[in-house]
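Engineer: Dropping the sequence and predicted coords here.
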Amino acid sequence: MERTQNLKRKFDFTEEGVVCENSRRLTLADNIARRIDLLNSVSSSLSDPDIGAAQNDLCFLSGYAKDEDIVDLMVVSGVVPALVKVLHMVSNLADFDADTYDVEKDCVSILGHLAVKPEYQQLIVDDGALPCLVELLMRPKAPGVSQALFSRLLGRVADAITNLAHENINIKTLVRLEGGIPPLVDLLEFNDTKVQRAAAGALRTLAFQNAENKDQIVECDALPTLVLMLGSEDPAIHYEAVGVIGNLVHSSPEIKREVLLAEALQPVICLLSSPCLETQREAALLIGQFATTDSDCKIHIAQRGAINPLIKMLKSPDLQLREMSTFALGRLAQDSHNQAGIAYNGGIEPLLNLLASKNASVQHNAAFALYALADNEDNVPLIIKADGLQKLQDGHFTVLPTQECVAKMFKRLEEKIEGRVLKQMLYLMRFGEKGVQKRVALALAHLCSADDRKTIFIDNDGLELLLDLLESTTKKQKREASAALHTMATKGMSASIVDLAPASPTPRVYLGEQYLNNPVLSDVTFIVEGKRFHAHRACLLSSYIFGAMFDGGYKEKEAKDIEIPNIKWNVFELMMRFIYTGTVDVDLDVAPDLLKAADQYLLDGLKRICESVISEDISVENVSHMYVMSDTYNATSLKYSCILFILKQFDNLSSKPWYCHFIRCIKPDIRNFFSTLLTMPKHTG
């Protein structure tokens with residue numbers, strides 16, 4: 001009841017001043033029910049009074065049917081069987097005139113409006129409307145009926161079929177079984193463009209994802225007319241025509257070949273520049289479908305002028321147009337000739353920009369196109385110049401196929417950075433505009449092989465470009481430089497960071513665990529924190545400091561007891577264990593003190609062990625302290641570990657107030673680290 005009252009209020013508001021005073025006093029439901037009852041009471045002979053009454057009732061119901069809120073009430077009240085009954089009565093008449101045509105037109109119009117709601121499509125068909133609609137398509141114009149009225153009727157019938165079959169596989173098939181496709185194809189050549197448009201719209205719907213309907217449309221020889229319609233000056237005509245052809249060729253290679261044989265290619269390419277946005281979308285999609293046919297077709301599409309308008313579409317504010325154009329260009333780019341043409345005509349940069357799209361389809365299509373373009377060696381420098389690598393890295397790709405495509409593109413770019421391409425890149429890095437030089441250096445840090453790193457970054461000063469970026473005024477550039485340097489330092493390295501530190505030239509003599517702090521054969525005793533530690537001079541000579549102590553002119557040379565100040569017993573014991581055995585287990589708690597002792601006594605091997613343990617504890621909070629420690633105790637591998645950590649943790653460290661000054665201070669050490677890394681014997685696989 002509440003819904004009826006609401007509908008009545010809405011009706012009273014919208015119809016005020018139009019309906020008669022008596023109708024306004026009726027409730028909406030009663031008014032609709034009364035109109036439907038009057039239709040049901042019309043006699044089968046359809047005399048003039050009956051036709052007049054039907055016209056009046058249908059006029060009101062037609063107005064109601066345009067309001068979606070009232071449609072439900074009309075269906076519940078039984079409007080569908082009443083309309084079908086009237087259509088059957090009219091079809092059985094011996095003579096037709098303008099009034100009967102007008103009745104049919106209104107009946108069809110109401111059914112078309114009801115069919116917009118998917119839940120009523122099957123109801124309309126089940127009540128027998130479809131045979132009536134098909135019969136109207138095939139019936140010739142009656143004498144005395146104006147061409148305009150006849151055209152309006154046919155247009156309404158085609159539109160009603162479109163609405164009935166929309167996204168309804170069962171009804172699409174029923175239209176074909178009722179014989180509706182041949183008359184719709186015939187109407188493509190009707191002398192009224194509105195009827196042509198309506199017929200094409202119906203065929204477009206019927207062809208969508210229905211193979212049998214597609215075949216019948218082609219068998220009815222629709223293609224020649226559809227191709228002619230592509231050249232129509234009426235946007236509504238060529239929009240529907242290109243839509244029909246698009247649905248026909250989708251997932252149907254055979255029909256695609258027939259469409260191309262019907263000379264549809266050039267008209268479709270011309271429609272890429274149509275003033276109608278919807279037509280451009282359909283044409284771009286169709287070009288993409290054509291481009292999947294064979295290599296020759298891809299070449300012909302490019303030769304006939306499709307590439308430029310498609311690239312222009314990449315910059316369109318319309319999302320669907322960008323989606324369709326990236327789809328088409330991705331398929332065209334599978335041909336090597338087109339790869340050069342798309343790049344030459346400026347397609348790379350807008351495709352790269354679309355990697356940032358929030359639309360997953362646009363993103364994927366752009367990535368797919370770029371992957372194909374990267375197969376052409378000449379395009380690789382263009383992609384890098386346009387900051388392509390960084391845009392690939394910065395993209396947020398949520399769909400797995402896109403992620404896989406981007407990963408493949410990285411791999412493809414890596415494979416291309418050699419020979420002629422590498423020479424081009426080096427030339428750009430040396431003589432290009434400053435921004436290009438930096439982009440190339442950043443890209444090569446990620447992409448080049450280990451064999452070429454020295455040539456690129458030492459011999460051609462690529463390292464200096466990256467180091468300069470670490471002090472850029474732009475946070476983004478500093479982040480990119482940090483990431484590039486970190487990638488270059490870690491990519492493919494099989495050696496430990498410790499191996500980069502200089503090895504000790506001092507030969508080692510190990511007595512073994514059994515002699516550690518053993519008075520047997522001991523010829524010297526150390527006093528540490530008041531405790532005695534028994535040692536052997538022959539073993540201690542492996543330390544440069546102890547060797548100088550015993551062989552030089554120091555007082556300890558002849559002393560039997562030597563006091564060791566400023567060192568804890570547990571630290572000294574661990575240091576001596578290393579001297580005697582060449583190995584020692586070091587805990588993090590003691591590692592800093594042991595590192596200090598190892599540096600003091602020039603025990604490089606022990607230093608490396610300590611540095612390795614300490615490196616495991618580097619964090620955002622302590623990295624600056626760790627770096628000072630490495631500098632204080634000449635701990636090269638610890639310093640290198642700090643450098644790698646700083647480069648990797650840019651986002652977490654860059655907000656620290658000391659960061660910029662810190663980077664400026666350690667920049668020489670970063671340079672030394674990479675100079676050492678890039679000139680050492682290769683450790684990559």
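Structural biologist: Received the coordinates, thanks.
Engineer: Thought Gly419 was touching Ser449, still the case?
Structural biologist: No. Contact between Ser449 and Gly419 fails when scored by CB atoms under 8 Å: they sit 11.4 Å apart. Where C-beta positions appear, they are placed from N, C-alpha and C, glycine not excepted.
Engineer: Which of those two has more residues huddled nearby?
Structural biologist: Taking neighbours as other CB atoms under 10 Å, Ser449 and Gly419 compare with Ser449 leading, 16 against 9.
Engineer: residue ranges with poor pLDDT in the protein?
Structural biologist: Applying pLDDT under 70 to the chain flags the ranges 1-26, 43-50, 94, 492-509, 542-544, 547-548, 550-559, 682-685.
Engineer: Put the alpha carbons of the longest helix along the chain into PDB.
Structural biologist: With DSSP state H setting the assignment, residue counts place helix 659-679 as the longest helix in the chain. Taking Å, rounded to 0.1, in the frame of the first residue of the first chain, the C-alpha atoms of helix 659-679 are listed here in PDB:
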ATOM      1  CA  TYR A 659      70.800  11.800   6.900                       C
ATOM      2  CA  CYS A 660      71.800  14.400   4.200                       C
ATOM      3  CA  HIS A 661      74.900  15.400   6.100                       C
ATOM      4  CA  PHE A 662      75.800  11.800   6.800                       C
ATOM      5  CA  ILE A 663      75.600  10.900   3.100                       C
ATOM      6  CA  ARG A 664      77.700  13.800   2.100                       C
ATOM      7  CA  CYS A 665      80.400  12.600   4.600                       C
ATOM      8  CA  ILE A 666      80.400   9.000   3.600                       C
ATOM      9  CA  LYS A 667      80.200   9.600  -0.200                       C
ATOM     10  CA  PRO A 668      84.000   9.000  -0.600                       C
ATOM     11  CA  ASP A 669      83.600   5.700   1.100                       C
ATOM     12  CA  ILE A 670      80.700   4.700  -1.100                       C
ATOM     13  CA  ARG A 671      82.800   5.600  -4.100                       C
ATOM     14  CA  ASN A 672      85.700   3.400  -2.800                       C
ATOM     15  CA  PHE A 673      83.300   0.600  -2.100                       C
ATOM     16  CA  PHE A 674      82.000   0.500  -5.600                       C
ATOM     17  CA  SER A 675      85.400   1.100  -7.200                       C
ATOM     18  CA  THR A 676      86.600  -2.000  -5.300                       C
ATOM     19  CA  LEU A 677      83.500  -4.000  -6.100                       C
ATOM     20  CA  LEU A 678      83.500  -3.200  -9.800                       C
ATOM     21  CA  THR A 679      87.200  -3.800 -10.400                       C
END
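Engineer: Name the residues that touch that helix?
Structural biologist: 453-454, 457-458, 463, 467, 470-471, 485, 488-489, 500, 624, 627, 639-640, 643, 646, 653, 656 (CB atoms under 8 Å, 6 or more residues apart in numbering).
Engineer: Just want the most central residue of the chain.
Structural biologist: The geometric centre of the chain, computed from its C-alpha atoms, lies nearest to Gln363 (CA atoms, centre = their mean), at 2.7 Å.
Engineer: helix or strand for it, which one?
Structural biologist: Assigned by DSSP states H and E, Gln363 belongs to helix 360-373.
Engineer: burial measure for the residue lying closest to Ala374 once chain neighbours are set aside, as a count.
Structural biologist: Nearest residue to Ala374 in three dimensions, chain neighbours excluded: Arg412, at 5.0 Å (CB to CB, 6 or more residues apart in numbering). When neighbours are defined as other CB under 10 Å, Arg412 has 16 of them.
Engineer: related to what we said a few turns ago, ok, residues contacting the helix holding Gln363?
Structural biologist: 319, 322-323, 326-327, 329-330, 333-334, 339, 342-343, 347-348, 351-352, 354-355, 357, 379, 383, 388, 395, 397-399, 401-402, 405-406, 408-409, 412.
Engineer: Counting only helices, which of these make the cut?
Structural biologist: Short answer: these in helices (DSSP H) are 319, 322-323, 326-327, 329-330, 339, 342-343, 348, 351-352, 379, 383, 388, 401-402, 405-406, 408-409, 412.
Engineer: Just the buried ones out of these, please.
Structural biologist: Neighbour-count burial (16 or more other CB atoms under 10 Å) applied to these gives 322-323, 326-327, 329-330, 339, 342-343, 348, 351-352, 379, 383, 388, 402, 405-406, 409, 412.
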